[in-house]
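**Q** Please work out how this folds:
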Amino acid sequence: METGLETIGRDAFVDIVGIAEHIPAKIDTGADGSAIWASDIHVEEDGQLAFRLFAPHSPLYTGQIIRCKNYNTVEVRSASGHLVRKYKVIFRVRLGDQEFETDFGLSDRAKMNYPILIGRRSLHGRFIVDVSKEVNATKGDDV
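**A** Numbers count the residues shown, from 1 in each chain. Prediction:
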């Protein structure tokens, strides 16, 4: 069955266009949205959202401050029952042979194997996921 959609594996390398390249990402069809590791997240006096990608102990960390005027906030209830404010931003990404805009929730992914998670909304209509295929992005080896 030919779909015309690009086939990717269960992990990949993603570029955040103009910001960071070759970032390991988990492809997760079980997750609705996408997430990216961010630190020092705060709203500045002028209302812009400011943050840094990754954290100082990550080899991907550059310390670059990213500022966004256009962002969304959502309040979610944590596992412990507390309301937590989460921020979402839009990045232009390159995944496989495609470049497109998609939204990411900013979160602390320090304890995760992948600094980026790509969920269904980013994949839908663009990719077929073949779970037998992987690039072993956390090690940088093709498998």
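**Q** Only C-alpha atoms from now on, for both contacts and neighbour counts.
**A** Noted.
**Q** Following element in sequence after the strand of greatest length in the chain, please.
**A** The longest strand of the chain (DSSP state E) is strand 83-95. Using DSSP states H and E, the helix or strand that follows strand 83-95 in sequence is strand 98-107.
**Q** contact partners of the helix or strand following that following strand?
**A** Next in sequence after strand 98-107, counting helices and strands by DSSP H and E, comes strand 116-118. For strand 116-118, the external contacting residues (CA atoms under 8 Å, 6 or more residues apart in numbering) are 23-29, 31, 33-37, 109.
**Q** from these, which ones fall inside strands?
**A** 23-27, 34-37.
**Q** from the residues you listed, which is closest to residue 94?
**A** residue 23 (10.4 Å; CA to CA).
**Q** in the sheet, who's paired with the closest one?
**A** Applying DSSP bridges to residue 23 gives these bridge partners: residue 14.
**Q** And it, what's its pLDDT?
**A** As predicted, residue 23 sits at a pLDDT of 96.
**Q** tell me the contacts of it?
**A** Contacts of residue 23 by CA under 8 Å, 6+ apart are 13-15, 60, 115-116.
**Q** can you check residue 66 too?
**A** 50-53.
**Q** Among those, which one has the most neighbours?
**A** Ranked by the number of neighbours (other CA atoms under 10 Å), the contacts of residue 66 place residue 53 first, at 25 neighbours.
**Q** so what's that residue up against?
**A** 36-39, 61-66 are the contacts of residue 53 under CA under 8 Å, 6+ apart.
**Q** any idea of the pLDDT on it?
**A** 98.
**Q** Run a quick check on residue 9 versus residue 123, I expect a contact.
**A** No. Contact criterion CA atoms under 8 Å: residue 9 and residue 123 do not qualify, at 11.6 Å.
**Q** re the thing from before, can you select the buried ones from the contacts of residue 53 in ChimeraX?
**A** Only the buried entries of the contacts of residue 53 go into this ChimeraX selection, using 16 or more other CA atoms under 10 Å:
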select :36,37,38,39
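**Q** by contact count, what packs against the worst-scoring helix or strand of the chain on mean pLDDT?
**A** Among the helices and strands of the chain, strand 72-77 carries the lowest confidence by mean pLDDT, DSSP states H and E, at a mean of 89. Counting contacts by 3 or more CA pairs under 8 Å, 6 or more residues apart in numbering; DSSP states H and E, strand 72-77 packs against strand 83-95.
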